[in-house]
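*Asks:* got a sequence here, can you build the structure:
(chains A and B)
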Amino acid sequence: MAVVSVQGQDLVVEMEGLDKLWALKSRLTIPLENVRGATVDPGIVGEPKGIRAPGTHLPKVITAGTFHHEGEKVFWAVRDAQKAVVVELADENYTRLVVEVDDPRAVVAMVEKATRR
Amino acid sequence: MGRRRSFDEDEVVEAAAELFARRSYEGVSIDDLVKAVGVHRNSLYGVFGSKRGLYLAALRRHVEREVRPHLARAAREGQVPNWDLLLLAAVDRAPEDPDVAELVSSVFAELDVATGDPVATEVLLGRWLRGRPDRGVPAELDALETAPGKEEV
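*Replies:* Numbering: from 1, shown residues only, chains lettered A, B, ... in the order given. Predicted structure coming up:
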C-alpha cells in the first residue's frame, strides 16, 4: 500500500510497511508539473509488465519495483488490483507509477485538483 | 479488434466519445476504453495522460464537431441533434470537474445567442430531456454492445 499526498509543489508517494522492501523504495517525490494525470485502473494489473529490475514479482500476489517494458520504465507497488491507481508522468525517471492506495477515487481527485492549471 | 501501437488520435478520441456518450464517466473503465478504441493501454496513457485527459479530448471534439456547427439549426428547428455527450457532461461531470463545467456553460451561452433567448434554450434542453426516455437505445448501438469481441468483462 502506498500513501499519496501533495506536499507543496510535489506529489509524494510513500510506501508503507513491508512494501518498502518489496519495491526497494520507500518514497518518490515528483514535481506536480511533471504529473500528467491519475486514473483508477484495476485492469492494468492484467497487462504485461516486462522485465523487473530491481524489485519483487510474484504473479497474482504482488507486483513491486521497477519494470522495463517496451521502452517504458514503470514503478509498480500493487497487491490488490481493485485499488490500483495509475499516475502518468512527464520528464521523469519513470514513465508512470502504478500504486495501490487506500481510496483510489480520492487520490485521483486530489491529483486532479493539484494539477489543474 | 487488434490493438495498435501507432494510431490515429482522432479516431481514438471519436471512439471514446461514443462510449462516454452512453455511460456515466465512472461507468467507463480503462478496460472498456482499451477494448472500444483498439489501442494499447500504455499508448492511451502516453498520449492522453489519464482517463480524464481522454474524456476532455472526447468532449472537446464532440463540441467542436457535433455541437457548435449545429447551434443555429438546433435553434431554428427547436430540437437538439445527438448531443448526448454534452448533455450527459452537464449532468454527470460538470459538478465534479471545473473544466467540464466551463466548457458546458460556454456552449449553453452560445446556444442562448443562437436562440436569441435563454428561455428558448431552456425549452430546447427541456424538450430533449422530456423526449429522451422515449428514444431508447439506438439499434446500431444495441448491435455494437452484443457484437463478438465487445462483451463486457
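*Asks:* CA only for contacts and neighbour counts going forward, please
*Replies:* OK.
*Asks:* chain A against chain B: which residues are in contact?
*Replies:* Taking CA under 8 Å from any CA of the partner chain as the contact definition, chain A meets chain B at A:36-39, A:41, A:43-44, A:86-89.
*Asks:* of those, buried ones?
*Replies:* A:36-39, A:41, A:44, A:86-89 (16 or more other CA atoms under 10 Å in any protein chain shown).
*Asks:* how about these, which pair is most distant?
*Replies:* A:R36 and A:I44 (17.5 Å; CA to CA).
*Asks:* what helix or strand does A:V98 sit in?
*Replies:* Using DSSP states H and E, the element containing A:V98 is strand A:96-100.
*Asks:* same question for B:P81.
*Replies:* Judged by DSSP H and E, B:P81 forms part of no helix or strand.
*Asks:* touching, it and B:A74? I think so.
*Replies:* Yes. With contacts counted by CA atoms under 8 Å, B:P81 reaches B:A74, the gap being 6.8 Å.
*Asks:* give me the more crowded residue out of those two.
*Replies:* Shown here are B:P81 and B:A74; by other CA atoms under 10 Å in any protein chain shown, B:A74 has more neighbours (18 against 14).
*Asks:* and the helix or strand harbouring B:L86, what other elements does it pack with?
*Replies:* Following DSSP H and E, the helix or strand that holds B:L86 is helix B:84-88. Helices and strands touching helix B:84-88, by 3 or more CA pairs under 8 Å, 6 or more residues apart in numbering or on different chains; DSSP states H and E, are helix B:9-20, helix B:51-62.
*Asks:* closest to A:I30 out of these?
*Replies:* Among the helices and strands packed on helix B:84-88, the nearest to A:I30 by CA to CA is helix B:51-62 (19.3 Å).
*Asks:* low-confidence ranges, chain A, go.
*Replies:* For chain A, the stretches with pLDDT under 70 are A:117.
*Asks:* which stretches of it form helices?
*Replies:* A:19-23, A:104-115 (DSSP state H).
*Asks:* pick the most buried one from those helices.
*Replies:* Among the helices of chain A, ranked by average contacts under mean count of other CA atoms under 10 Å in any protein chain shown, first place goes to helix A:19-23 (a mean of 20).
*Asks:* can I get the CA coordinates of it in PDB?
*Replies:* Only the C-alpha atoms of helix A:19-23 are listed here, as PDB (Å, rounded to 0.1, in the frame of the first residue of the first chain):
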ATOM      1  CA  ASP A  19       6.100  -2.800   0.600                       C
ATOM      2  CA  LYS A  20       9.200  -0.700   1.200                       C
ATOM      3  CA  LEU A  21      11.100  -3.900   1.000                       C
ATOM      4  CA  TRP A  22       9.400  -5.400  -2.000                       C
ATOM      5  CA  ALA A  23       9.600  -2.200  -4.000                       C
END
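*Asks:* one step back: just give me how far the helix holding B:L86 sits from the chain centre.
*Replies:* The chain centre lies 6 Å from the centre of helix B:84-88; the measure is CA atoms, centre = their mean, to the nearest Å.
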